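Visitor: Here is my input; please provide its structure:
(chains A and B)
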Amino acid sequence: MTHPENWLRVTPQGLCCTPAGIFIDPTRAVERAVITHGHGDHARPGHDAVLATAETLAVMRARLGEGAGRRQQALAYGEELRLGEVTLRLVPAGHVLGSAQVVLEYQGARAVVSGDYKRQPDPTCAPFEPVPCDLFVTEATFALPVFRHPPPAQEIGRLLKSVALFPERTHVIGCYALGKAQRLIALLRQAGWAAPIWLHGALIPLCRLYQELGVELGELRPATAATKAALRGAIVLAPPSAIADRWARRLEDPVVCMASGWMRVRQRAKQGGVELPLVISDHADWDDLLRTVAEVGAPDVWVTHGRDDALVHALGQRGVRARALHLVGLGDEEEADAA
Amino acid sequence: MSLPAFAALLERLVFTPGRLAKLALLRDWYATQPDPDRGVGLAALTGELVFTAAKPSLIRDMVAARTDPVLLALSHDYVGDFAETVALIWPGRARGAEGINTPAPGLAEVVEALELTPKPALPELIAGWLDAVDATSRLALIKLITGGLRVGISGRLARVALAEWAGKPVEEIEEVWHGVAPPYLALFRWLEGQAGRPDPREAPVFRPLMLAHPLEDADLAALDPAQWRAEWKWDGIRVQLTAGPGGRRLWSRGGEDVSGAFPEIVEAMDFHAVLDGELLVIRDGVVAPFADLQQRLNRKVVTPKMQRDFPVGVRLYDLLFETTEDLRPLPFDARRARLEEWAARHAPARMDLSPQIAFASVAQLGEIREGARAASIEGLMLKRGDSAYVAGRVKGLWWKWKRAPLSIDAVLMYAQRGHGKRSSFYSDYTFGLWRPDGQGGEELVPVGKAYSGYTDAELGWLDRWIRNHTTGRFGPVREVEKELVLEVIFDAAQLSTRHKSGVALRFPRIARIRTDKPASEADRLENLMSYVAAARPAEG
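Guide: Below you'll find the predicted structure:
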């Protein structure tokens, strides 16, 4: 067996599988890129050839247009692809629609690059599948033991209780355009909210794309065209940058909500002027990060971005060799999405 | 399950800026929670119930025994607040096991157990609760038992919500409030129509105050001098003094018990009566500016030095009860006569009467008002001679006629976003005046902050101007180009060592946007200082 550290390398462009000649989620334009999912910090424009799931490619085309890659190759979950001596397949990561872990096998060793992932159920995408491996590359966005996300249905319950308590006001929820918005809508539908859900213009294209790709979201309407009266008692989704600023003035006495794992910490919620913080995250929390590493059984773990100090420390105590990669450019999906 | 419900309420109150929304949350609490938990929750919110059973160090030791020190330190660094860190990092039960073992404790159960449990058994008791609930409830529990709830719900707000929920005037609740105690079972039974109104008997209770309306020009024209009495409007805090066999209390305008902050007043209340008056810092008969009184406000304990440096007294202006006789239905003139008699007979220490001001015509009254420049006088109070003492703000019985405000032209320096409905607007303005910079030039020094006085249209205009003229951003604050002149009006200017400019404004607000005036022609700090110098101390 050839240990993956000999054939998976950190380069200025990002993670590179040298014998296959591919970069995974490169931060700069490269010849051949494998993209785990469509968030702006992972799917950057200008690559020559792009390999990803069909859903991720569709997201990239919707967001990046011509920058989505000159040559695009779709690979279904589980389908194997030979790149020289390397075998590659994509496995669901449970993060957003089309999100995938990249499983690489070479000379008897297996590495899994998980991209961003979560273990909570999500009606809008396929659930994470743990793949036993020799090297597991993980994110660490919420890698502090203070981050333990509550069940999403409980948070949606808090939202609906607030809507019942303040029927004259408009509840506006700040959320990322890709993944979080659609998951919130699907969770609301699961909780029995059948009324139309109103959207900020920036969220409409990706919601339409999800619907075209077969995700049921119910009736969606543009909030921009609605009167204040029509939005009384309604739920409106908007990008985080819009909820407490001028755009929100069109709403009737809004209850400003924000759906994010960061809402677990009061100071973060207070800074954003949020009145109803909803702890709903598309990333694994502390318990799920540790559980996942235990399930894949890798003796080596590399941490791409986030709170690597805490995770490396905790894994070390569990006898796992963990290393922080300090990859730049990852983890700013909010900023990337706002652009 | 009322601890989780209480935690959910706390969480919402912490993040809710609007008064109306807070009232709705409180009404929902009264309507949906069982006794005795709803009363216990009410008492905890308003600070009537305070625990010191568990010191923060106890919680610190408990969490340290259950977590890795490196991870705890990293987490504390990130979260900032230690109680919140503990609530979030507490291992709790394994996922999926929630709800299987012990149920979450009830609020009243927590309170009772804390009182009855001997100290050595506390850690195990508290740990058992923390294990049984989620992070939100853990935070509420830790804040509750360490006495750090601080949600900013005043007793007054809680009582207004009670009144709205029960469909009763808030004054009726105020009159019994201090005669009932947590968990307020008799109060809730009355409010739900299951029993009569609780009788406070001898207990010292707060009587809702009679309030004044601002005097408008039309009201002034209709004023008949023969029917009206005038007094100075003192710039202190309104208080009610209640003393008798059941105890002594000093109440603030909103019915909060402020006795603890003014022990010398309470000591002087060796009578059986209810009086209305103004609490002031008075040195040798001279009333000090409000800033001096501020040194004494919001204190739980007061040192002898504070009492020496800022001696307080009460200027009395009404007598509500003499022993058990309710004088409130009597006309003002009759009450005043009784007050004068009473004061002459008792002559209580630290108290005097607010003098009445003779006047023959409205014009003369106007001159008196304008002539009063003392910082401790806000203007005049006008009271109708035949008016009974009625709770609240009934129009046409008492007028307040404030002195015309002072004004300066200042330069806008910084702007900050508001809260609630104004959260998308830059609505709080820091403004400054010119002074020499010590190098032959001029510099702006901030002199105050205003967030009222403008119209909605002016707010919209200012918001746009600020966004288009921003030169720096510091969190929610924007620094702007020093170009816009605002006419700021205020009630008084007082020397202050806490302000960089050395002067503090009383109730500043925006009167006009002076787009016609270049910033270089705005007022200088010395113009403002001349107002301070002009304000003579008031003779008592």
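
Visitor: At the contact with chain B, which residues of the stretch 101-250 of chain A appear?
Guide: Within the stretch 101-250 of chain A, the residues that sit near chain B (Cβ under 8 Å from any Cβ of the partner chain) are A:144-148, A:150, A:158, A:162, A:165-166, A:244-246, A:248-249. From N, CA and C alone the C-beta is placed, and that goes for glycine too.

Visitor: Of those residues, select the buried ones using a ChimeraX command.
Guide: Selection of buried members from those for ChimeraX, criterion 16 or more other Cβ atoms under 10 Å in any protein chain shown:
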select /A:144,145,146,147,148,150,158,162,166,244,248
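
Visitor: Give me the spatial nearest neighbour of residue B:319, chain neighbours excluded.
Guide: Leaving out its chain neighbours, the residue that sits closest to residue B:319 by Cβ to Cβ, 6 or more residues apart in numbering or on different chains is residue B:339, at 4.1 Å.

Visitor: element containing that neighbour, please.
Guide: helix B:332-346 (DSSP states H and E).

Visitor: Parallel or antiparallel, list what pairs with the helix or strand just after that helix.
Guide: Downstream of helix B:332-346, the first helix or strand assigned by DSSP H and E is strand B:351-353. Note on strand B:351-353: by DSSP bridges, its sheet partners are strand B:312-322 (parallel).

Visitor: before we move on, the earlier item: of the residues of the stretch 101-250 of chain A next to chain B, just say which sits nearest to residue B:193.
Guide: Each of those was checked against residue B:193 using Cβ to Cβ; the closest is residue A:165, at 23.9 Å.

Visitor: domain ranges for the chain?
Guide: As the question left the chain open, I've gone with chain A. A:4-146+A:283-338, A:152-278 (automatic domain parsing).

Visitor: meant chain B actually
Guide: B:2-145, B:213-402, B:406-534.

Visitor: Out of those domains, which is closest to residue A:319?
Guide: When the domains of chain B are compared (using Cβ to Cβ), the closest one is domain B:2-145, at 14.9 Å.

Visitor: What mean pLDDT does that closest one get?
Guide: For domain B:2-145, the mean per-residue pLDDT is 89.

Visitor: Just list the residues touching whichever residue of chain B sits closest to chain A, thanks.
Guide: As assessed by Cβ to the nearest Cβ, chain A sits closest to residue B:88 within chain B, at 3.7 Å. Listed by Cβ atoms under 8 Å, 6 or more residues apart in numbering or on different chains, the contact partners of residue B:88 are A:145, A:146, A:147, A:148, A:264, A:265, B:75, B:79, B:135, B:138, B:139.

Visitor: Swap in 6 Å and give it another go.
Guide: Contact analysis of residue B:88 by Cβ atoms under 6 Å, 6 or more residues apart in numbering or on different chains lists A:146, B:135.

Visitor: With residue B:66 instead?
Guide: residue B:91 are the contacts of residue B:66 under Cβ under 6 Å, 6+ apart.

Visitor: change it to 8 Å
Guide: B:90, B:91.

Visitor: Residue B:410 too?
Guide: If you count contacts by Cβ under 8 Å, 6+ apart, residue B:410 has them with B:431, B:432, B:433, B:447, B:448, B:485, B:486, B:487, B:488, B:522, B:523.

Visitor: Can I get the buried part of these as one PyMOL selection?
Guide: Buried subset of the contacts of residue B:410, written as a PyMOL selection, criterion 16+ other Cβ under 10 Å:
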select buried, chain B and resi 431+432+433+447+448+485+486+487+488+522+523
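
Visitor: In strands, which of the contacts of residue B:410 fall?
Guide: Among the contacts of residue B:410, the ones falling in strands (DSSP state E) are B:431, B:432, B:433, B:447, B:448, B:485, B:486, B:487, B:488.

Visitor: Thank you, goodbye.
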